[in-house]
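[1] Got a predicted structure here, sequence first:
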Amino acid sequence: MAENEVENVAGESKGDKFKRLASKRVVNAIQKIELLTNLAGPGYESTPEEVTKILTALQASVDKVKAAFSKQKIDKTVFKL
């Protein structure tokens, strides 16, 4: 758990804890994903194959989140260009 998430509000329900942590984590994940758009700029060069690998890895991670919420088996993702 991240340092800023260690705080546990006394008497906080599991639902409230979920909402508090999910709000922070989703915002952070979106910000990190949006940073990838910078790689599409003129300061970088990539092949279509590299872009496909990135997008496939991102989709696999989203699929794992979906599976976790539906209680399906989750495999560990390894990403390397």
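    Structure received. Computed from a prediction, not measured in an experiment: that's the story for all the values here.
[2] Could you use CA atoms for every contact and neighbour count after this?
    Noted.
[3] Report the mean per-residue pLDDT for stretch 18-31.
    Summarised as a single mean, pLDDT over stretch 18-31 is 97.
[4] Stretch 35-53 now?
    For stretch 35-53, the mean pLDDT works out to 97.
[5] Straight-line length of that stretch, end to end?
    Using CA to CA, to the nearest Å, one end of stretch 35-53 lies 17 Å from the other.
[6] Report the distance from it to the chain centre.
    Using CA atoms, centre = their mean, to the nearest Å, the distance from the centre of stretch 35-53 to the centre of the chain it belongs to is 18 Å.
[7] what does it rub up against?
    With CA atoms under 8 Å, 6 or more residues apart in numbering as the test, stretch 35-53 has contacts from L81.
[8] For the helix or strand harbouring K53, which residues meet the burial criterion?
    Using DSSP states H and E, K53 maps to helix 48-69. Neighbour counts over helix 48-69 (16 or more other CA atoms under 10 Å) mark I54, A57, S61, K64 as buried.
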